[in-house]
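In: No letters, just coordinates:
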């Protein structure tokens, strides 16, 4: 679940209010506009508060896995795979504070991937990896958590913090996936247009199409051509 997604029901509610303006007498329209603005501001405040909260807890929980794996090897302290080991204690901790599954899911995505910006930057990773990362976490939010983590520690070459964040964020913005996951170009309705009948095979074909999009950066027309050739 993406941290920047707006609740669909609330969007529909605002649209309904706007439509109501046109059907109400003129003396009521001003009141409806004021109500609409008030509801929008309440929603905006709630959304911003929600975002601040999950970023706060993402930063708070990101190293929860370190007690389970921190070791001294050849005089160097390491915490290998602490990002994965931090998921279970994060869920346990947050479940005592809230039963909001979406909130816990977003925080866990930040915890699990908080090293990704530096890992990808270090190897100058391909766009393929950036695309796949967008399916796991909101990249813009992740960069904030990662930067806070880096700047809050005493490390050498601290300039790598903003460099890594800028690199990843710029790559994601090139693809317009910095705060939304990448969307599949080929969908079920495209397969139906090609003459395929809905079946269990759809999942396999759509995964094949999505892999072509992610790994080889193919356009929709070429992906469809590959589908016809294979299936």
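Out: Alright, I've got the coordinates. The structure presented is a predicted model; accordingly, all values stated were derived computationally and were not measured.
In: How many residues are close by residue 176?
Out: 11 (other C-beta atoms under 10 Å). The C-beta positions use only the backbone N, C-alpha and C, and glycine is treated the same way.
In: swap in residue 138?
Out: 29.
In: Just to check, it is in contact with residue 177?
Out: No - at 9.6 Å, residue 138 does not count as touching residue 177 under the criterion of C-beta atoms under 8 Å.
In: and the next element down the chain from the one helix or strand residue 131 maps to?
Out: Element membership for residue 131 (DSSP states H and E) is helix 127-134. Using DSSP H and E, the next helix or strand after helix 127-134 towards the C-terminus is helix 139-151.
In: Okay, buried residues for that next one please.
Out: Using 16 or more other C-beta atoms under 10 Å as the burial criterion, the residues of helix 139-151 that qualify are 139, 140, 141, 142, 143, 144, 145, 146, 147, 148, 149, 150.
In: Residue 118 against residue 163, yeah?
Out: No - with contacts counted by C-beta under 8 Å, residue 118 stays clear of residue 163, the gap being 9.8 Å.
In: Go ahead and flag the most central residue of the protein.
Out: By C-alpha atoms, centre = their mean, the chain has its centre lying nearest to residue 138, at 2.3 Å.
In: Backbone torsions only: list them for that one.
Out: phi -70, psi 110 (degrees, to the nearest 10).
In: tell me the pLDDT at it?
Out: Per-residue confidence at residue 138 stands at 97 (pLDDT).
In: next one: residue 21
Out: pLDDT, residue 21: 53.
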